[in-house]
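Trainee: Please work out how this folds:
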Amino acid sequence: MTEKFLGSIEAGGTKFVCGIGNDQLEIIERVSFPTTTPEETVALVIGFFKKYNIKAIGIGSFGPIDIHKDSVTYGHITTTPKLAWQDYDFVGAMKKEFDVPIAFTTDVNAAAYGEYVAGNGAGLSSCVYYTIGTGVGAGAIQDGRFVEGFSHPEMGHMIVKRHEADQFSGSCPFHNDCLEGMAAGPAIEKRAGKKGQELAEDDPFWDIEAYYVAQAAYNTTLMLAPEVIIFGGGVMKQRHMLPKVHREFEKLVNGYVTTPPLEKYIVTPKLEDDPGTIGCLALAKKEL
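Mentor: Predicted coordinates:
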């Protein structure tokens, strides 16, 4: 009997990462394609999956997206600033090629689910996962279910207090100085004139960055009180960042609530670069 596999699609604004895995959520093959137009990128995705006998697919997509199955636009990417992808029927395009169950959620929800089932959220009832990179987004899980209502959360656009030493106006086209506008990779580059990974560890900017990340953790703690908050994305690969975030978080909380020990409460992904792929595989498996 030909083995059947799970498929994973991490659809990002810059690239699509596609993976093949088994029921043990082991990644067998993974490739990436540039995010250009739906016609070009999705054709490459379909071609990759056609090589395998696929039994279910999990999609974690950039958004906003329509997540409600009873909606006429379920499975669509909706009001994205990427004009070519506006109102694109992502799930419909995949269903035309693959008559299998398809899970559809945000890219950050998928990463949150990966950490929930196999990473730093495993064995816990709740977790929140942030990615801080080209953009900022977050997914929250309670008792195995995504926290969402009329749509998915957009925690990356929460309003933050400006650091007293920060004169940057913000880079978000919608809100200027929201969390994404102040702390995402493009905001760092616009301030410094170079990418975050090119800044020295002792650059004073990192204290400003930690202040904004700590505010995300502070707001999340007081609103959702999850058992763990996980910060992923390229910015948080700066290993010196986490201790700075812990210090700023303690100052912000100021003894008001007692959290788990910070080294276990505010962490980086246990799955490192794999939360999204493993999350999509796990969501695909859940559909069976």
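Trainee: so the residue nearest the centre of the chain, which of the three states?
Mentor: By Cα atoms, centre = their mean, the chain has its centre lying nearest to Val108, at 2.4 Å. Taking DSSP: H, G, I helix; E, B strand; the rest coil as the rule, one finds Val108 in the helix state.
Trainee: next one: Asp99
Mentor: coil.
Trainee: packing partners for the lengthiest helix in the chain?
Mentor: The single longest helix within the chain, with elements called by DSSP state H, is helix 205-224. With contacts taken as 3 or more Cβ pairs under 8 Å, 6 or more residues apart in numbering; DSSP states H and E, helix 205-224 sits against strand 126-132, strand 136-142, helix 179-183, helix 185-192, strand 229-232, helix 241-253. Quick note: C-beta positions are derived from backbone N, CA and C, even for glycine.
Trainee: let's go with 10 Å and repeat that
Mentor: On a contact count with 3 or more Cβ pairs under 10 Å, 6 or more residues apart in numbering; DSSP states H and E, helix 205-224 meets strand 126-132, strand 136-142, helix 179-183, helix 185-192, strand 229-232, helix 241-253, helix 262-265, strand 266-267.
Trainee: Tell me the buried residues in that helix?
Mentor: 205-206, 208-221, 224 (16 or more other Cβ atoms under 10 Å).
Trainee: and if you look at stretch 235-254?
Mentor: Quick answer for stretch 235-254 (16+ other Cβ under 10 Å): 235-238, 241-242, 244-246, 248-249, 252-253.
Trainee: which two in those residues are spaced the farthest apart?
Mentor: Within those, two members stand farthest from each other by Cβ to Cβ: Lys237 and Val253, at 25.2 Å.
Trainee: Okay, the residue nearest to the centre of the chain and His157: tell me how far apart.
Mentor: Distance, Val108 to His157, using Cβ to Cβ, to the nearest Å: 12 Å.
Trainee: what sits in contact with each of the two?
Mentor: Here Val108 and His157 share the contacting residues Gly135, Val136, Gly137, Ala138, scored by Cβ atoms under 10 Å, 6 or more residues apart in numbering.
Trainee: quick one: contacts for the residue lying closest to the third one once chain neighbours are set aside?
Mentor: Put plainly, it is Gly137. Of all residues not flanking Gly137 in the chain, Val108 sits nearest, at 4.0 Å (Cβ to Cβ, 6 or more residues apart in numbering). Shown in contact with Val108 (Cβ under 10 Å, 6+ apart): 60, 62-63, 128-131, 135-140, 152-156, 232-233, 275-276, 279.
Trainee: Name the nearest residue to Val42, ignoring sequence neighbours.
Mentor: Ala93 (5.5 Å).
Trainee: To which secondary structure element is the one you found assigned?
Mentor: Per DSSP states H and E: Ala93 is located in helix 90-97.
Trainee: buried set for that helix?
Mentor: Phe90, Val91, Ala93, Met94, Glu97.
Trainee: from these, which is closest to Val72?
Mentor: Val91 (12.5 Å).
Trainee: Was I right to think that closest one contacts Ala103?
Mentor: Yes: here Val91 reaches Ala103: they are 9.4 Å apart, a contact under Cβ atoms under 10 Å.
Trainee: overlap in contacts of those two?
Mentor: Counting by Cβ under 10 Å, 6+ apart, the residues touching both Val91 and Ala103 are Ile57, Ile59.
Trainee: on that earlier part again, closest to Phe146 out of the buried residues of stretch 235-254?
Mentor: When the buried residues of stretch 235-254 are compared against Phe146 (criterion: Cβ to Cβ), the nearest one is Met236, at 21.6 Å.
Trainee: For that closest one, list the residues it contacts.
Mentor: Tyr130, Thr131, Ile132, Gly133, Glu209, Val213, Ile230, Leu242, Val245, Val267, Thr268, Pro269.
Trainee: related to what we said a few turns ago, now the residue nearest to Gly137: how far from Cys178?
Mentor: For Val108, the distance to Cys178 - Cβ to Cβ - is 16 Å.
Trainee: Over to Glu250?
Mentor: From Glu250 over to Cys178 the distance is 23 Å, taken as Cβ to Cβ.
Trainee: before we move on, back to that, can you name every helix or strand that the helix holding Ala93 contacts?
Mentor: Against helix 90-97 (3+ Cβ pairs under 10 Å, 6+ apart) you get strand 5-11, helix 38-49, strand 54-61, strand 76-77, strand 102-106.
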